[in-house]
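1. Fold the following, please.
(one chain, ligands or ions: 1)
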Amino acid sequence: MTTASPTLGTHVLGLRCRECDREYEISPIYTCEWCFGPLEVAYDYDAIRAAISREKIEAGPHAIWRYSDLLPVDRSHAVDLGAGFTPLVRADRLAAELGLGEVWVKNDTLNPTNSFKDRVASVALSKALEFGFKTAACASTGNLANSVAAHAAHAGLRSFVFIPANLEQQKIVTTAVYGGNVVAIEGNYDDVNRLCAELAGTYKWAFVNVNVRPFYAEGSKTLAYETAEQLGWEVPDHVVVPIASGSLLTKIRKGFDELFKVGLLDTPPQVRVSGAQAIGCSPVATAFLEESDTIRPVKPDTIAKSLAIGNPADGYFALDAVRSTGGGLAAVTDGEVVEGIRLLARTEGIFAETAGGVTVASLKRLAQEGIVRPDERVVIYITGHGLKTLDAVTPGGGPTAVIKPTIDAFHEAFDPESIED
Ligand SMILES: [Zn+2]
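-> Prediction:
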């Protein structure tokens with residue numbers, strides 16, 4: 001593994017164990033035979049440094065594929081619905097409410113299926129095609145189900161998506177519409193995930209977050225690349241990232257580090273990374289607050305179902321990223337989650353799903369605790385659209401007034417004196 005494969009058109013050396021550093025050829029595998037540690041894609045960073053430039057990226061497509069030099073798939077056969085390059089929105093009104101200075105919202109609700117999962121599904125299904133798979137499958141808390149079903153439809157792949165049966169109706173409907181197989185499991189996500197690990201050993205399918213996971217997970221790095229590019233090739237001081245499996249947070253941190261490694265940043269990035277969880281499923285936050293290295297699995301009970309992973313695969317790596325960068329972790333109540341959704345919508349005009357409510361509520365908590373500071377440039381990651389979890393804001397979500405179609409009726413409901421101008 002000393003040279004990149006010329007046939008793939010990428011700068012990938014192979015797979016490497018995150019625990020023991022043993023190396024493997026590129027194939028649909030995800031654990032180390034030696035120590036059972038998770039495998040990760042290894043790149044030839046010198047080759048990337050020679051091939052990449054800010055100008056080349058800026059001339060690329062408005063999608064994750066503008067960073068294809070840093071992804072494990074050749075762009076020429078990408079399964080591309082346009083994932084990525086979502087807006088980074090300056091959020092002064094939110095910042096003012098929270099007593100903060102410079103806050104930005106990475107609005108990943110504006111992806112093809114309205115969540116950040118389009119980034120990882122696009123990379124995973126591209127790799128699945130390259131490996132010759134005919135079926136794409138996944139275990140999902142909802143957003144990945146949407147995205148795998150859509151990308152599979154676009155690529156002409158058969159799909160099987162496995163979800164907990166108690167998922168939000170909106171997420172089930174917006175998956176089923178793509179015509180794949182949607183399998184609802186009577187159990188929680190961790191049960192779904194266990195079943196998928198078994199099925200992955202039985203069927204020759206591309207399980208995007210099982211046997212294709214090392215490639216799939218790389219898609220999340222693009223959130224860091226975009227953030228830096230959109231800030232004029234600078235990094236934020238502090239980011240707040242929701243934690244489900246912990247992969248997103250870990251990869252965002254890796255993405256910032258890679259930008260320096262390949263010469264796209266002038267100085268080593270010093271980004272503090274904070275995490276956000278709902279109190280009903282907060283195994284990583286609990287370990288952080290207890291100053292423990294052990295992440296004890298929990299049984300999830302929260303409205304933030306897209307984050308409801310009780311036994312997070314990358315929990316330890318996420319915890320380590322938060323600790324080693326001087327970040328913090330918050331665990332917020334379901335009430336705070338709903339308040340967070342409304343706060344972001346009311347101040348910035350961005351409608352987030354419950355996971356976004358967790359992130360905004362966590363930002364508020366971390367600001368109150370002095371962990372996120374007013375002198376920092378902060379970016380928060382809003383990963384899914386509010387239309388996916390409408391039930392969370394349905395109570396109190398009715399009209400301000402219901403009136404007859406006359407001016408008099410309007411004036412009865414709204415005193416003309418008080419609404420003038
Ligand atoms: Zn190993």
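2. Near Glu369, how many other residues are there?
-> By other CB atoms under 10 Å, the residues close to Glu369 number 10. For every residue, glycine as well, the C-beta is placed using N, CA and C.
3. quick one: contacts for the residue lying closest to it once chain neighbours are set aside?
-> Closest residue in space to Glu369, ignoring its immediate chain neighbours: Gly328 at 6.9 Å, by CB to CB, 6 or more residues apart in numbering. For Gly328, the contact set (CB atoms under 8 Å, 6 or more residues apart in numbering) comprises 274-275, 288, 322, 366, 369, 371-372.
4. and what of Ala224?
-> Counting by CB under 8 Å, 6+ apart, Ala224 has contacts 251-256, 258-259.
5. For the chain, what lies in contact range of the ion?
-> Within the chain, the positions adjacent to the ion are 17, 19-20, 22, 32, 34-35, 37 by CB under 5 Å from the ion.
6. how about those residues in a markdown table, adding pLDDT and secondary structure?
-> Output for the residues of the chain next to the ion, formatted as a markdown table (pLDDT from 0 to 100; DSSP: H, G, I helix; E, B strand; the rest coil):
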| residue | pLDDT | secondary structure |
| --- | --- | --- |
| Cys17 | 98 | strand |
| Glu19 | 95 | coil |
| Cys20 | 97 | coil |
| Arg22 | 98 | coil |
| Cys32 | 97 | coil |
| Trp34 | 97 | coil |
| Cys35 | 97 | coil |
| Gly37 | 95 | coil |
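7. Local confidence estimate at Leu8?
-> pLDDT, Leu8: 46.
8. From the contacts of Ala224, which land in strands?
-> Residues of these located in strands (DSSP state E): none.
9. Go through the residues you listed and name the one nearest Val105.
-> The closest of these to Val105 turns out to be Ile252 (CB to CB; 14.6 Å).
10. host element of the closest residue to that closest one other than its chain neighbours?
-> Nearest residue to Ile252, sequence neighbours excluded (CB to CB, 6+ apart): Ala224, at 4.7 Å. Per DSSP states H and E: Ala224 is located in helix 221-230.
11. and the helix or strand that that helix is followed by, which strands flank it?
-> Downstream of helix 221-230, the next assigned helix or strand under DSSP H and E is strand 238-242. Strand 238-242 has these partner strands in its sheet, going by DSSP bridges: strand 272-278 (parallel), strand 377-382 (parallel).
12. would you turn those into a markdown table with distance to Ile403 and mean neighbour count?
-> Converted to a markdown table, the strands paired with strand 238-242 look like this (distance: least, CB to CB, whole Å; neighbours: other CB atoms under 10 Å):
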| stretch | distance to Ile403 | mean neighbour count |
| --- | --- | --- |
| strand 272-278 | 38 | 28 |
| strand 377-382 | 34 | 26 |
